[in-house]
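Novice: Have a look at this fold, sequence not included:
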Ligand code: 48F
């Protein structure tokens, strides 16, 4: 029989939070955003034994999956990503033209469970408000604050965590890449541009096809994934089809693993 004491409850929460957070002060990869692309990247990187943490502003993971299409709770996945989702135990219903449908609740839960089982740490209610920069030429970590502090517009200084690589998986606004360009004087993306054009109007097939090629290291130490990749490289939006997000997350993990090896060699 447990003895329930208020003091012990508080102590356990504060102490275990602090030690888990301290373990994240030096990461291999910090991922901003717990949508499908960020979570798939977390699964693949953690399965390789890399130290990975996901930072999600909202109190829940899953990003844009939950709402399906216009709140109809189904998502569509194409053949190219079907094996990845089946590998996570997500049930797919086949339809014509190589398309499948799936339940968003199952997709979010099983993706999240896989990331946790692989060893990734997931922080909810914690936003990435900025990056740590070195020599004005390399991203070296993330600057975090509580999502609630952001929402309340409180003037509270953040905390920083170091990472060999940061993945911007913040979705349609590509927040981390925009912040970097706004703050680092003279910063240019890998293709020489100084601005993020944002996503283009809907064209589902072209948008899905663009996601993996657009998943790139856009600045030393910063990789873009998912809808953030299409926002950075002016790819179209695509609505409630999600295969490309998982494929982009996988590609981001491949690139991030190379960045981590490079940075460890340079250290
Ligand atoms: O938007 P989101 O699901 O990104 P994604 O992985 O997938 C896009 C699809 O959901 C959908 C689509 C499918 O066709 O177009 O939109 O590219 O998830 C992004 C997550 O990042 C969080 C945000 O709350 C969401 O859960 N986020 C955004 N900015 C920050 C952040 C930030 N600065 N710090 C932490 N989390």
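Specialist: Received, thanks. Just so we're clear, the structure is a prediction, and the values are computed from it rather than from any experiment.

Novice: Report the beta-bridge partners for residue 27.
Specialist: With beta bridges defined as DSSP bridges, residue 27 has these partners: residue 163.

Novice: Now do the contacts for it.
Specialist: Contacts here follow C-beta atoms under 8 Å, 6 or more residues apart in numbering; on that basis residue 27 touches 51, 52, 53, 141, 161, 162, 163, 164. (C-beta placed from N, C-alpha, C; glycine too.)

Novice: does the fourth one sit in a helix, a strand or a coil?
Specialist: In three-state terms, and counting by DSSP: H, G, I helix; E, B strand; the rest coil, residue 141 is strand.

Novice: Nearest the geometric middle of this structure, what residue?
Specialist: Of all residues in the chain, the one closest to the mean position by C-alpha atoms, centre = their mean is residue 38, 2.6 Å from it.

Novice: Tell me the confidence at that residue?
Specialist: Per-residue confidence (pLDDT) for residue 38: 99.

Novice: if we can go back for a sec, from the contacts of residue 27, keep the buried residues only.
Specialist: Of all these considered here, the ones buried according to neighbour count by 16 or more other C-beta atoms under 10 Å are 51, 52, 53, 141, 161, 163, 164.

Novice: separation between the fifth one and the ligand?
Specialist: So the one you mean is residue 161. With distances taken as C-beta to the nearest ligand atom, to the nearest Å, residue 161 is found 13 Å from the ligand.

Novice: That residue against residue 140, yeah?
Specialist: No - the pair formed by residue 161 and residue 140 falls short of the contact definition of C-beta atoms under 8 Å, at 10.1 Å.

Novice: Spatially nearest residue to residue 245 (excluding sequence neighbours)?
Specialist: Counting by C-beta to C-beta, 6 or more residues apart in numbering, residue 36 is the residue found nearest to residue 245 once chain neighbours are left out, at 3.9 Å.
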